[in-house]
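Enquirer: dropping the sequence and predicted coords here.
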Amino acid sequence: MQTELDLDISMVLSKFFLRSIGLWISENSAEERRMKIMIIYTVWHSIFATVEITRDFYFTILYKGDILYVTTNILTVTMGLIKICIIMTHKEEFINLIVYVQQHFWNVKYDFREKEILDNCKKTCTFFVCSVTIMGACAIVAYLTTPVIANAGKNNSERVLPFNIWLNLPVSMSPYYEMIFTLQMINMYQIAVTYFCFDNIFCILAIHLAGQFRILRYRFSKLCDIEHQINEKDMESMITNYAHTFYEKLKMYVRHHQTLINFCDRLENVYTMLILGQVLVFSVLICLFAYQGLLAAAPLARRSIFIFHLIGSMALLFMFTYSCDGVIEHSEKVAIGAYSALWTIMPMNKSGKMLRNDLIMVIERSRRVCCLTANRFFPVSLETYNKILSTAASYFTLLRNHLENEIEKSRSRKTIVMHTTRYTDISITLSQFLLKLAGVWMTVNNAEERRRRLTMAFTAVIHVYGLYLNLGDAYYTWNDLSHCTFLLSNTLCIVLAMFKLLILNFRRTEFKDLVLFAQQNFWHFKYDHDEKILFMKCRKLCKLWTITACSFTQASLAFYIITPICANIGKNKSDRVLPFKMWVDLPLSVTPYYEIMFVIQLATVQQIGVTYLCSDNFLCILNMHVICQFRILHNRLLNLWKIIDQKTDKIDYADKCYIALKKCIRQHQLLIKFCEKLEYVNTLPIFGHVVVFSLLMCFDTYEILLANVSTGTRLIFVFHMVGSFIHIIFFTYTCHGLIEESSNISLATYSGWWTILPMTETGRMLREDVKVMMMKSMRPCCLTAGGFFPISLETSTALMSTTMSYFTLMRESSMKNGDK
């Protein structure tokens, strides 16, 4: 098998490139030292190239050079540096994946059909790896030949390098030119290797994982294949004798299935961030490569660089989307193999019944496919390839139209001048304080209830006053689009805050039940060591979120006050302005009326900010703690089977496992009930926020980029936009985590050692309960926007897309009005 492995060209190339950057398996201490030296060497080259290309970008902007060409280079170099940083973070896991594949995928005895599948995988890997490597090598050669061709017939003082060096040195003269040219050539090779080598090994791992699923499907389909061994005379007795043997083989296949699922999870953990980076950058890169290769006014040699880049990038994108799609397809088809087994000829004895039940488990688990995702935003498949190419084509069209418009504008400028209580931490304490300020938190006696009602009444009056200020000002300044946008943004925030507060007050009883349940079941330290680690991670994330949200909110609110203070510097008292203009016939700019109104408006801004933030902040904290509880339940289900390691009596450990399982099921039921109540309380506020969010972000973007407003007003919206963006990302992340972790309960249930439990009454009941738990987990818990759709990370991308559409419409409308 080793000789076959040595002939695998894809692995030989990948091994060579990974060794050349210092990320390969070390067999002794000397080789380990060499690997460390190589990785330091590679990182140095990556950092050097990043600094060099960043300086080139700066001076290109300064001297108005070919910005798109330099942007393409800086994206390529930065992507290589990001890849090596991500892999270095998961270096041990990355090496373990390769070792695991060598030991369990390649160095294993297979029959003829299984060898065919493995050889097919190797041929596919060889085709992809060789294609990408050849395109990368051609791009390097094109980079090097471009300055050689450009220097033909020139004096030594006019020679150019592959990349500009902005130094006050005679870099075009010998021997500096030759030294720098050699350094850039070595640097370029190292960057190119870091750019595609990790994708090559990912393709190999993913395609061989899909191949293992194909082999497993084949083994399942041949599980009960004894037709050639059966004689009609003794058919029944022979089948009965084989039933136990087949069941033992089935258990071995189930364990193999579980290890493949675990391997897929490990591969996902290492590569998920890298895949996200690829998906985000590829559309822009392919667009820029296509422009530089097809449209840019550049020499043929430079065009050839980007033609090779374009072909290589499309091949690389197809390679990793194809390999991810193969994992999805063949992990699902394991169910077909399990169903295709000749289980119908098995007798209905003990082994036959167990075999049928376990095949049902395999089929049910295979319905949830294994997949590799872009940081859990979405699974990567061949559909991703189509979407990225479609997006790249859209970017290319926009870029071409933009450049054509710029050319037209530059021509026209030649003739026309233009203007143009028990457990506490800072997150819970701060959330409780904000909810008390808004008049929503629980009360324990009549005095507290009276204070809460007074606070609630004060909050309502403040919001009505805020609406009066903004709508009144908008009425008198309707023709000023920039100022009206500012006022409409404020009005939307006030209305949204009032709506959230109203819903929470209508559903105070359910809200109180949520808080009490969390206090009793979530916020304590009655956990074991592993569970405490999960809980402390959740606690840190909640603290980070609460501090970040409060900081950005307070920064935005502060500039509502700072802006009029700065505007009043150097003015007479009679000309002083308030944070919000009041259209009343009173001397509000004169002392003491000015100071009184200033304090009232300051209190109004602060109270509205508190109301706007408090409910969303607490919802995210509850979400994170529910996710943590599902992870703890996942951990308990995995540890449930450790009783078996004690080698006690089979009947005894089956009873113990079943008792522990019932506790886990009860906890699962309570978490589902809590999620339903959380959904009931927050579904309408979530719906309101999702509906309004795109408009708010659109107004923020307009005020920052296009509106004719003061710097202080711009800073209000800068902090508001950044805070809103962080909020929607974190909120959708927690909702997505709830969906993912609640559905992962089925993984923990399936990964248990239920196959070795005896078929006693307890064993059968345990299997049935496990089956029911898996089926329930296939419908995950989620939070919805008014019941219309579940909230996940895809919601954030949809909202950002809607924001850009609104902003485009608003910009075009304002430009048309300006032309008129």
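Expert: Nice, thanks for sending it over. Numbers count the residues shown, from 1 in each chain.
Enquirer: what's near enough to touch Leu541?
Expert: Each residue near Leu541 by C-beta atoms under 8 Å, 6 or more residues apart in numbering is listed here: Met624. Every C-beta, even on glycine, is put in place using the N, C-alpha and C of the backbone.
Enquirer: and the helix or strand where it lies, what's buried?
Expert: In the assignment (DSSP states H and E), Leu541 maps to helix 529-567. For helix 529-567, a neighbour-count test (16 or more other C-beta atoms under 10 Å) marks 531, 534-535, 538-539, 541-543, 545-546, 549-550, 552-553, 555-561, 563-564, 567 as buried.
Enquirer: check stretch 798-805 too.
Expert: For stretch 798-805, a neighbour-count test (16+ other C-beta under 10 Å) marks 799-800, 802-803 as buried.
Enquirer: would you map the helices across the stretch 651-800 of the chain?
Expert: Taking DSSP state H, counting those that start in this stretch to define them, one finds helices in the stretch 651-800 of the chain at 711-743, 745-750, 761-777, 793-819.
Enquirer: which parts of the last one are buried?
Expert: By that I understand helix 793-819. Taking 16+ other C-beta under 10 Å as the basis for neighbour counts, the residues of helix 793-819 that come out buried are 793, 795-796, 799-800, 802-803, 806-807, 810, 814.
Enquirer: what separates it from the chain centre, distance-wise?
Expert: Average the C-alpha atoms of helix 793-819, do the same for its chain, and the two points are 23 Å apart (C-alpha atoms, centre = their mean, to the nearest Å).
Enquirer: which strands and helices sit next to that helix?
Expert: With contacts defined as 3 or more C-beta pairs under 8 Å, 6 or more residues apart in numbering; DSSP states H and E, the secondary structure elements packing on helix 793-819 are helix 650-705, helix 711-743.
Enquirer: what do you get for the second one?
Expert: On a contact count with 3+ C-beta pairs under 8 Å, 6+ apart, helix 745-750 meets helix 350-366, helix 593-639, helix 761-777.
Enquirer: swap in 10 Å and give it another go.
Expert: Other elements packing on helix 745-750 under the criterion 3 or more C-beta pairs under 10 Å, 6 or more residues apart in numbering; DSSP states H and E are helix 235-294, helix 350-366, helix 593-639, helix 650-705, helix 761-777.
Enquirer: kindly provide the whole-number mean pLDDT of the fourth one.
Expert: In this model, helix 650-705 has an average pLDDT of 85.
Enquirer: so it versus helix 711-743, what angle?
Expert: Inter-element angle recorded for helix 650-705 and helix 711-743: 160 degrees (by axes from the mean of the first three to the mean of the last three C-alpha atoms, to 10 degrees).
Enquirer: do the same with the last one
Expert: Orientation of helix 761-777 against helix 711-743 (the same axes, to 10 degrees) gives an angle of 150 degrees.
Enquirer: flag every buried residue along helix 761-777.
Expert: Within helix 761-777, the residues that qualify as buried by neighbour count (16+ other C-beta under 10 Å) are 762-764, 766-767, 769-771, 773-774, 776-777.
Enquirer: could the residues you listed go into CSV alongside pLDDT and distance to Ser304?
Expert: Rendered in CSV, the data for the buried residues of helix 761-777 read as follows (pLDDT from 0 to 100; distance: C-beta to C-beta, whole Å):
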residue, pLDDT, distance to Ser304
Thr762, 76, 71
Gly763, 76, 68
Arg764, 80, 69
Leu766, 80, 66
Arg767, 81, 63
Asp769, 82, 65
Val770, 82, 60
Lys771, 83, 60
Met773, 83, 59
Met774, 82, 55
Lys776, 83, 58
Ser777, 82, 54
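Enquirer: of these, just say which sits nearest to Cys224.
Expert: Arg767 (20.3 Å; C-beta to C-beta).
Enquirer: how about the closest one, what does it touch?
Expert: Neighbour list for Arg767: 354, 357-358, 360-361, 658, 754-755, 757, 759 [criterion: C-beta atoms under 10 Å, 6 or more residues apart in numbering].
Enquirer: try Asp425
Expert: Under the criterion of C-beta under 10 Å, 6+ apart, the contact list for Asp425 reads 523, 539-540, 542-543, 546, 621.
Enquirer: with Thr553 instead?
Expert: Residues near Thr553 by C-beta under 10 Å, 6+ apart: 434, 606, 609-610, 612-613, 617, 719-720, 723-724, 727.
Enquirer: so where is the stretch 351-500 of the chain shaky, pLDDT-wise?
Expert: Filtered on pLDDT under 70, the stretch 351-500 of the chain yields the residue ranges 406-423.
Enquirer: let me have the helices and strands packed on helix 745-750 in JSON lines, extended by distance to Leu403.
Expert: Rendered in JSON lines, the data for the helices and strands packed on helix 745-750 read as follows (distance: least, C-beta to C-beta, whole Å):
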{"stretch": "helix 235-294", "distance to Leu403": "8"}
{"stretch": "helix 350-366", "distance to Leu403": "50"}
{"stretch": "helix 593-639", "distance to Leu403": "42"}
{"stretch": "helix 650-705", "distance to Leu403": "20"}
{"stretch": "helix 761-777", "distance to Leu403": "52"}
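Enquirer: of those helices, which approaches Leu430 most closely?
Expert: helix 593-639 (7.9 Å).
Enquirer: re earlier: now, which of the contacts of Thr553 sits nearest Phe517?
Expert: Phe517 lies nearest to Asn617 out of those, by C-beta to C-beta, at 18.8 Å.
Enquirer: you'd agree that closest one is up against Thr429?
Expert: No - contact criterion C-beta atoms under 10 Å: Asn617 and Thr429 do not qualify, at 11.9 Å.
Enquirer: anything in contact with each of these two?
Expert: Thr546.
Enquirer: give me the more crowded residue out of these two.
Expert: Neighbour count, other C-beta atoms under 10 Å: between Asn617 and Thr429, Asn617 has more, with 22 against 11.
Enquirer: now do the contacts for that one.
Expert: Asn617 makes contacts with 427, 430-431, 434-435, 542, 545-546, 549-550, 553, 727, 731, as judged by C-beta under 10 Å, 6+ apart.
Enquirer: nearest to Phe202, of these?
Expert: With C-beta to C-beta as the yardstick, the closest approach to Phe202 among these comes from Phe731, at 31.0 Å.
Enquirer: so what's the closest one up against?
Expert: Neighbour list for Phe731: 545, 616-617, 619-620, 623, 686, 689-690, 693, 783, 791, 795-796 [criterion: C-beta under 10 Å, 6+ apart].
Enquirer: put together TSV for these, with distance to Leu738 on each row.
Expert: TSV is the format used below for those (distance: C-beta to C-beta, whole Å):
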residue	distance to Leu738
Trp545	15
Asp616	15
Asn617	17
Leu619	11
Cys620	11
Asn623	6
Ile686	12
His689	17
Val690	16
Phe693	19
Leu783	7
Ile791	9
Thr795	13
Ser796	15
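Enquirer: give the closest residue to Cys735 in space, chain neighbours not counted.
Expert: Taking C-beta to C-beta, 6 or more residues apart in numbering, and ignoring the residues beside it in sequence, Cys735 has Ile791 as its nearest neighbour in space, at 3.9 Å.
Enquirer: against Thr802, how distant is the one you found?
Expert: Here Ile791 is placed at a distance of 15 Å from Thr802 (C-beta to C-beta, to the nearest Å).
Enquirer: all good on my end, thank you.
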